[in-house]
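Engineer: Predicted model and sequence below, questions to follow.
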Amino acid sequence: MPADAMFDGIDHTLPAAHQELLRRLNHAAAGNCVSAAGVVLERVSRRDVPVTAVLTVSVSWATDVETRAGTGAVRAATFCRNAAELDATLTRELDAEVAAVETARRVAALIGTPERLFDGDEPFPALPSMRGPYYVHEPCRGCNGGGVRACTNPACRGGKVECALCGGKPRQDGDGRPLRCDGCGGTGVFRCTVCAGSGVVPCDECAGVGQFTHIHRPRLVAKPARGFALPSDVPEAVRATLDAVGYDGFATVAEVQPGTLRHSGTRLLYERAGTVPVLTLACACDGVAFEVEAVGPDAVVPAMPAFLDAVLAPLLARIEAASGAGAFGIAALSRVTGTIADAILAGRLPELDVLVAEHERCVSRAFAARAAAALQRIHRAAALRTARGFWQCAAGALAPVSLLVAAVDLPALLSGATAEEPAPLALRALWDVGVPAAAGLGAWLAAREWSGRAWRAAFGAGTAGPQEQGAWPVLVLGGAAVLHLGVMAAWHGGLATHRIEPGPEPVAIVGEPLPPPRALTPAERIAAAQRALARLGRYDGAIDGKLGEGTKSGLAGLAGLAEGMPDDPLDQAVALAADRVAVRVATPDRLVGPGWSNATRLRLTPDDQPRISEAFAAAAATPGVAREWTSGDGMRSGRITVTGRAEDTKGRQRPCVAFAHVVTTPAGRDAGVPARACRSAGRWLLEE
C-alpha cells in the first residue's frame, strides 16, 4: 500500500509506528503464505477514545502508642478515664479532622501540583494530626493492678515449703519418743527462698507498679489508589493497553490535558482527562481477512492477530492426512511447520514459545502445538514401520542360531570331551547361552544401524535416526529366548548340560561255539608276560620271549600284590596287566582306587601325592572347573574335576565331594570311575 491512506475521508501520511507494525505482519507472513504480496493493507480507520486517569488519595488516621509504667499525668494531653472513652474520643475528634476541608488543603499542599503527582514516583509525605495526644491509665493484666503475683515456686504454700526429709510429719523412735528432723528441726516446714516467706513475688510485667499509662499520638495517613475511568463501549485493545502501561504510562498512549483536583469527603481526586487514538488496520493475507487495532501514537498492539492459523489451516490438514516422509515434505512448504518438522527430525522437542515469538505472535501456540503433535505422531508411526520390517527379518535369522547351538556340540569338539569327562562348564555355558545372547545383541545393534540408514535415505542425511522401535525388540528377542530354552530343554534337558551319553553295554552274541584257543609256546608266554610287566612298569627291556634277569626281577616283584592270583608267575603278570585281579596297593591319598587300572595304581608314587592334593584343593574350590597336575619327571599327569557335594556314607559328618580323576601314564589314559573323597585330618582321601 502507498504511504498515504484515507483517514475518515482526509489524506494523511501513515505514521512510522504503524508502518513498522505492517513490516512486523509481513515478517510473520514471510515463508508462510503463497501470495508474494504478503500482508495487504486494505483500509485504515481511526477512533479517539476518551479516558480519564484518576488518582484517589484517601485520608485516614492512625495512632502511635507509647506505654509508660505508673499512673503519672501527661502534660498537654487529654485524659480519658478508660479504653471505651478513649476509643470514642479518638473516633469523634479524628474523624472530624479527616473530613475537614482544612485537612484536605494541608494534604494537597504537601503532595504538590498534579503534574508532580502524575509524573513522579515520590512517596506520600507524613502529615501530623492537629489533635491530641490522648492518654489513659490501665491496670496491669498480669497482676490485676496489685503489683504482686503468687509465688512462682510450685512447692510454696503461703510462704512455707514442706520438708523433704520428714514429709512435714513428726517422726518417733522405737519407744515412741519424738525424733528431731535435721532438715526442719521438727517443724515440718521451712521458709520459701523465692518469696522470702511472704507467699507473693513482684509482677514481672509491670515491675511491681501495677498500673500503665498508654499515650496515643494521632497522625494522618494518605493512601493512593490509581485507576482509569473508561466509557462502556471502550475497545478491548484500549483496556488491555492501559492495563499494560499502567497509570504512570498513561501519557505515552493518550493525548492528555492538564490535571484537576477535587475534594470529596475524606478523599482527594486528581483527574487527568485525555483521548487515546485507536487505528484499526484492515488487512488480508492469502484471502484471509483480519484486523489489527493499534493503540496510541506508538501503535501499541496488546495482542497480535493469529491470522496465520487460518492461512496455514489447509496446509495442516494436508499434513495430518499424509504419512511418512511425504508429511514432512508438505510441512517444509511453510516456515512455521517447517521449523517444527526440522526440530522433530533432529531429535529435539520443538520450542513452541520461541516459534510463536519469532512469528510476532501471529500464530497461536495452540495451532503450533497441534502441528507438532501431528508431526510427532507421523514421525513415530514411520519409525515403527521401519523397525517392524527389520525385526521381522531378524526373527527369521535368530531361529537358525538356536537350532545350530542345539544341534552342534562345539564345546565337546574343542575340548575332546568324553562320556566320562565332560567339557568345561564355562565353555558349555558360553556356547549354549553366550552365542544366542551375542546373536540377539547383534540383531539389536544391526536394527539401530539398518533402521538409521533406511530413515536417512527417506528423510535426508542430516536427520537423526528413529529412536522409537516399539515393542518389536521385546517381542522378537523374548520370543527367540523362549524358543531357545524350549529347544535346549527338549533336546538336552536344559542349558550348559553334558551332551555325550555313555556307549551301549556290550551284547553277548550267541552262535556257534568258538574253537578252543591254541596253546602258547613257552617263548610266547614269556613275551606276553614281558608285555604285561612293561604295562605295569616293572620291565623296560626288549620283548624277546627270553627269560632273562630283567624278566625274572619283574616277575619276582609281583609277589604278594594281589590275592587269588595264578600260581605261575607268567600267568600272574598277565592277570595283573589285564586287571583280572586287583592289586592291594593303598593309594587313597593319591585319589585313585580299585576303579582305576592296576597299571595306573602301580605307577603312581608317593612323590605325586602333594601335586595331586594341590590340584584337588583347587578343583574343590571351583566346582565344575578341571584342575591339572603333572609329576616331577613329567611321566605322569592328571585332570581332576569336582562335580559337587556328596554324602558321608560313614556318618562322620565329614565334608565330602564327588569328583572325576583322569590319569595319564606311560601305560595310557585312565579315566577311572566317578568317585567320592572326604576330608579327614586335614587331607582329602578317596572313599574306596
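Structural biologist: Received the coordinates, thanks.
Engineer: Please name the spatially closest residue to Val581 (chain neighbours excluded).
Structural biologist: Ala562 (4.3 Å; Cβ to Cβ, 6 or more residues apart in numbering). C-betas here are computed from N, CA, C, even on glycine.
Engineer: what does Arg370 give?
Structural biologist: Leaving aside its sequence neighbours, Arg370 sits nearest to Leu316 (Cβ to Cβ, 6+ apart; 6.9 Å).
Engineer: And what about the one you found, helix, strand or coil?
Structural biologist: Here Leu316 takes the helix state, with states given by DSSP: H, G, I helix; E, B strand; the rest coil.
Engineer: what's the neighbour count on it?
Structural biologist: For Leu316, the count of nearby residues is 20 (other Cβ atoms under 10 Å).
Engineer: again, but for Ala397
Structural biologist: Look at Ala397: counted by other Cβ under 10 Å, it has 14 neighbours.
Engineer: list the helices and strands the helix or strand hosting it packs on?
Structural biologist: Assigned by DSSP states H and E, Ala397 belongs to helix 365-407. Packing partners of helix 365-407 (3 or more Cβ pairs under 8 Å, 6 or more residues apart in numbering; DSSP states H and E): helix 307-321, helix 324-331, helix 335-345, helix 352-358, helix 435-459, helix 472-492.
Engineer: got the buried residues for stretch 62-78?
Structural biologist: Thr63, Val74, Thr78 (16 or more other Cβ atoms under 10 Å).
Engineer: distance of the residue nearest to Arg370 from Gln376?
Structural biologist: Leu316 sits 14 Å away from Gln376, going by Cβ to Cβ, to the nearest Å.
Engineer: thinking again about what came up before, the helix holding Ala397: what's the following helix or strand?
Structural biologist: Taking DSSP H and E, what comes next after helix 365-407 is helix 410-415.
Engineer: Contacts made by that following helix with the rest, please.
Structural biologist: The contact list for helix 410-415 (Cβ atoms under 8 Å, 6 or more residues apart in numbering) reads Ala417, Ala423, Pro424, Leu427, Arg428, Leu430, Trp431, Arg499, Ile500.
Engineer: Stretch 160-170 now?
Structural biologist: 153, 155, 178-179, 181-184, 186-192, 197.
Engineer: Put the alpha carbons of that stretch into PDB.
Structural biologist: In PDB, the C-alpha atoms belonging to stretch 160-170 read as follows (Å, rounded to 0.1, in the frame of the first residue of the first chain):
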ATOM      1  CA  LYS A 160       6.100 -22.200 103.600                       C
ATOM      2  CA  VAL A 161       7.700 -25.300 101.900                       C
ATOM      3  CA  GLU A 162       7.200 -28.800 103.200                       C
ATOM      4  CA  CYS A 163      10.300 -30.500 104.500                       C
ATOM      5  CA  ALA A 164      11.500 -33.200 102.100                       C
ATOM      6  CA  LEU A 165      13.200 -35.300 104.800                       C
ATOM      7  CA  CYS A 166      10.300 -35.800 107.100                       C
ATOM      8  CA  GLY A 167       7.500 -35.100 104.800                       C
ATOM      9  CA  GLY A 168       6.000 -32.500 107.200                       C
ATOM     10  CA  LYS A 169       5.200 -35.100 109.800                       C
ATOM     11  CA  PRO A 170       7.000 -35.600 113.100                       C
END
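Engineer: can you pull the buried residues of it?
Structural biologist: For stretch 160-170, by 16+ other Cβ under 10 Å, it's Lys160, Val161, Cys163, Cys166, Gly168.
Engineer: Nearest to Thr241 among these?
Structural biologist: Taking Cβ to Cβ as the measure, Val161 is the one of the buried residues of stretch 160-170 closest to Thr241, at 80.3 Å.
Engineer: Which strand or helix spans the closest one?
Structural biologist: Val161 belongs to strand 160-162 when assigned by DSSP H and E.
Engineer: quick revisit: need the pLDDT of the residue nearest to Val581.
Structural biologist: Note on Ala562: pLDDT of 74.
Engineer: count of residues packed around the closest residue in space to Val435 that isn't next to it in sequence?
Structural biologist: Sequence neighbours aside, Val405 is the residue nearest to Val435 in space, at 5.6 Å (criterion: Cβ to Cβ, 6+ apart). Val405: 22 surrounding residues under other Cβ under 10 Å.
Engineer: Would you confirm that Asp540 contacts Ala534?
Structural biologist: Yes: between Asp540 and Ala534 there is a contact under Cβ atoms under 8 Å: 6.8 Å.
Engineer: higher neighbour count, those two?
Structural biologist: Applying other Cβ under 10 Å to Asp540 and Ala534 shows that Ala534 carries more neighbours, namely 20 against 10.
Engineer: Identify the residues contacting the more buried one.
Structural biologist: Under the criterion of Cβ under 8 Å, 6+ apart, the contact list for Ala534 reads Asp540, Ile543.
Engineer: ok so, going back, next, the angle helix 472-492 makes with the helix holding Ala397.
Structural biologist: Put simply, helix 365-407 runs at 10 degrees to helix 472-492, going by axes from the mean of the first three to the mean of the last three Cα atoms, to 10 degrees.
Engineer: Is the closest residue to Val101 other than its chain neighbours in a helix, a strand, or coil?
Structural biologist: Of all residues not flanking Val101 in the chain, His263 sits nearest, at 6.8 Å (Cβ to Cβ, 6+ apart). Per three-state DSSP, the secondary structure class of His263 is strand.
Engineer: pretty sure His263 is touching Arg106, no?
Structural biologist: No: His263 is beyond contact range of Arg106, at 11.7 Å (criterion: Cβ under 8 Å).
Engineer: that older thread, kindly present the buried residues of stretch 160-170 as JSON lines, with separate columns for pLDDT.
Structural biologist: Output for those, formatted as JSON lines (pLDDT from 0 to 100):
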{"residue": "Lys160", "pLDDT": "87"}
{"residue": "Val161", "pLDDT": "85"}
{"residue": "Cys163", "pLDDT": "81"}
{"residue": "Cys166", "pLDDT": "77"}
{"residue": "Gly168", "pLDDT": "69"}
